[in-house]
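J.: sequence? don't have it. structure:
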């Protein structure tokens, strides 16, 4: 998985109920997603999958899980920041329905994140903001296969040989 965060950093997400973990059959974490709320959107702070479970839809399942939660909260979109030119970053998120958000169209909180990351990451690795609109719960058709329980992230994770858990909830 990606660079490890300190316990204090993880606690912020856990205590807010904004951390999700996917584990294997031995209860070993293989992926996680951390989110926050920026400009009223569900913002993906970090999503990470172990190399042994990469390219199996686990990260996408976590993102879909967040989309379901955000939709239920009435959020208009998911947002994230990523490397523009790395093939498994921006192009991957574009395949998941995200589009690049140009600076004039970024909300003030998202713009602050992009500016901070741009200052702290070398110029050779440009960062971009991305957004994926969410269909409001009231507009999701009852007979829409994407909204059926057979397509939930939990089921997708199980189909990939994993258990999906929201283990990091506040006490």
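T.: Done, it's in. For clarity, every value in this text was computed on a predicted model and none was experimentally measured.
J.: going forward, measure contacts and count neighbours with C-alpha atoms only.
T.: Fine.
J.: would you map out the domains in this structure?
T.: Following automatic domain parsing, one finds the domains of the chain at 1-75+151-171, 77-133.
J.: all helices of the chain, in order?
T.: Counting by DSSP state H, the chain has these helices, from start to end: 7-15, 58-72, 90-95, 108-120, 153-159.
J.: same question for the longest one, mean pLDDT?
T.: Meaning helix 58-72. The pLDDT scores in helix 58-72 average 91.
J.: mind listing what's buried along that helix?
T.: Buried positions in helix 58-72, judged by neighbour count with 16 or more other Cα atoms under 10 Å: 58-68, 70-71.
J.: could you tell me the least trusted of the domains of the chain?
T.: Among the domains of the chain, domain 1-75+151-171 carries the lowest mean pLDDT (a mean of 74).
J.: now the buried residues of helix 58-72 in JSON lines, with distance to residue 90?
T.: Compiled in JSON lines, the buried residues of helix 58-72 are given as follows (distance: Cα to Cα, whole Å):
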{"residue": "58", "distance to residue 90": "17"}
{"residue": "59", "distance to residue 90": "14"}
{"residue": "60", "distance to residue 90": "13"}
{"residue": "61", "distance to residue 90": "17"}
{"residue": "62", "distance to residue 90": "17"}
{"residue": "63", "distance to residue 90": "14"}
{"residue": "64", "distance to residue 90": "17"}
{"residue": "65", "distance to residue 90": "20"}
{"residue": "66", "distance to residue 90": "18"}
{"residue": "67", "distance to residue 90": "18"}
{"residue": "68", "distance to residue 90": "21"}
{"residue": "70", "distance to residue 90": "21"}
{"residue": "71", "distance to residue 90": "23"}
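J.: out of the residues you listed, the closest to residue 135 would be?
T.: residue 71 (7.1 Å; Cα to Cα).
J.: hang on, isn't that closest one packed against residue 78?
T.: No - contact between residue 71 and residue 78 fails when scored by Cα atoms under 8 Å: they sit 9.3 Å apart.
J.: shared neighbours of the two, anything?
T.: Contact criterion Cα atoms under 8 Å, 6 or more residues apart in numbering; residues shared by residue 71 and residue 78: residue 134.
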